[in-house]
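J.: 3D model of this:
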Amino acid sequence: MLPRYRQFIFALVGLLCLATAWAQTPTGSIEGVITDPSGAVVPNAKVTVTETATGRVIPFTTNEIGAFVARNLLPASYTVKVE
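T.: Model prediction:
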């Protein structure tokens, strides 16, 4: 009975370590709400997020409340352009 107990403990510790490793993903996000000068939201605006070092372009369109979210971005410098 002791070996099964040890197997359970080792499995539990392994799962806890794995869960901790997933929590450490090195990504971030850029999010915002696009508004015009009067403060009204701008739906369907074209938003371009560009990684400055590589030139990689990630296009977005704002939703009906003017919001956009760029997720899972690696650590780097980015520029955001709105049209």
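J.: Tell me where the model's unsure across the protein.
T.: Residue ranges of the chain with pLDDT under 70: 1-10, 12, 14-24.
J.: could you pull out the strands for it?
T.: For the chain, applying DSSP state E gives strands covering 28-33, 46-51, 57-61, 67-73, 78-82.
J.: most centrally placed residue in this structure?
T.: Central residue of the chain (Cα atoms, centre = their mean): residue 71, 2.7 Å from the mean position.
J.: got the contact list for that residue?
T.: Residues in contact with residue 71, defined by Cβ atoms under 8 Å, 6 or more residues apart in numbering, are 27, 29. Glycine gets a C-beta too; all of them are placed from N, C-alpha and C.
J.: give me that answer again for 10 Å
T.: Contact analysis of residue 71 by Cβ atoms under 10 Å, 6 or more residues apart in numbering lists 27-31, 58.
J.: Looking at these, which is nearest residue 78?
T.: The closest of the contacts of residue 71 to residue 78 turns out to be residue 30 (Cβ to Cβ; 6.4 Å).
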